[in-house]
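Participant: below are the sequence and a predicted model for it; my questions follow.
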Amino acid sequence: EPGKACGVVVADLVDGGNAEHDGRIWVGDRLLSTSAVVLGGDSALLTVGGGRQFTNWKRELIPATAMGFDEIMAAIGSNSGRFGYVDC
């Protein structure tokens, strides 16, 4: 939609934070992609409340330039220990 902001641009870095220490992220950088857990494998064997059930998942790198902030944050948040992914 014209005029609607999409994607994420770094506005600030936390003093002493991971991004500042790493040195690869700068104010003004735009997030191009992010990792996310993508659910799949619909299973006819599972029926709970009539909703879709998933039998597998995988972590993928997905494009983020056309996503809104909340959608990007949800994608980043999907990388949780719940699916066995633990980043150091």
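Facilitator: Cool, got the structure.
Participant: show me the strands in the chain, by range?
Facilitator: 33-42, 54-63 (DSSP state E).
Participant: among these, which is the most enclosed?
Facilitator: Neighbour counts (mean count of other Cβ atoms under 10 Å) averaged over each of the strands of the chain peak at strand 33-42, with a mean of 14. In short, each C-beta sits where N, CA and C put it, glycine included.
Participant: so in this protein, which helix runs the longest?
Facilitator: helix 69-77 (DSSP state H).
Participant: what's the angle from that one to strand 54-63?
Facilitator: 120 degrees (axes from the mean of the first three to the mean of the last three Cα atoms, to 10 degrees).
Participant: buried set for helix 69-77?
Facilitator: For helix 69-77, the buried set under the neighbour-count rule, 16 or more other Cβ atoms under 10 Å, comprises 72, 75.
Participant: hmm, residue 36 is touching residue 79, no?
Facilitator: Yes: counting by Cβ atoms under 8 Å, residue 36 does reach residue 79; the two are 6.9 Å apart.
Participant: which neighbours do the two share?
Facilitator: Residues touching both residue 36 and residue 79 (Cβ atoms under 8 Å, 6 or more residues apart in numbering) are residue 59.
Participant: need the nearest residue in space to residue 6, chain neighbours excluded.
Facilitator: residue 66 (5.2 Å; Cβ to Cβ, 6 or more residues apart in numbering).
Participant: what's the burial count for the one you found?
Facilitator: 8 (other Cβ atoms under 10 Å).
Participant: distance of it from residue 8?
Facilitator: From residue 66 across to residue 8, the span is 11 Å (Cβ to Cβ, to the nearest Å).
Participant: do residue 36 as well
Facilitator: Taken as Cβ to Cβ, the span from residue 36 to residue 8 is 14 Å.
Participant: centre of the chain to the helix or strand of the chain with the lowest mean pLDDT, how far?
Facilitator: Of all the helices and strands that make up the chain, strand 33-42 has the lowest average by mean pLDDT, DSSP states H and E, namely a mean of 78. Centre-to-centre, strand 33-42 and its host chain are 9 Å apart (Cα atoms, centre = their mean, to the nearest Å).
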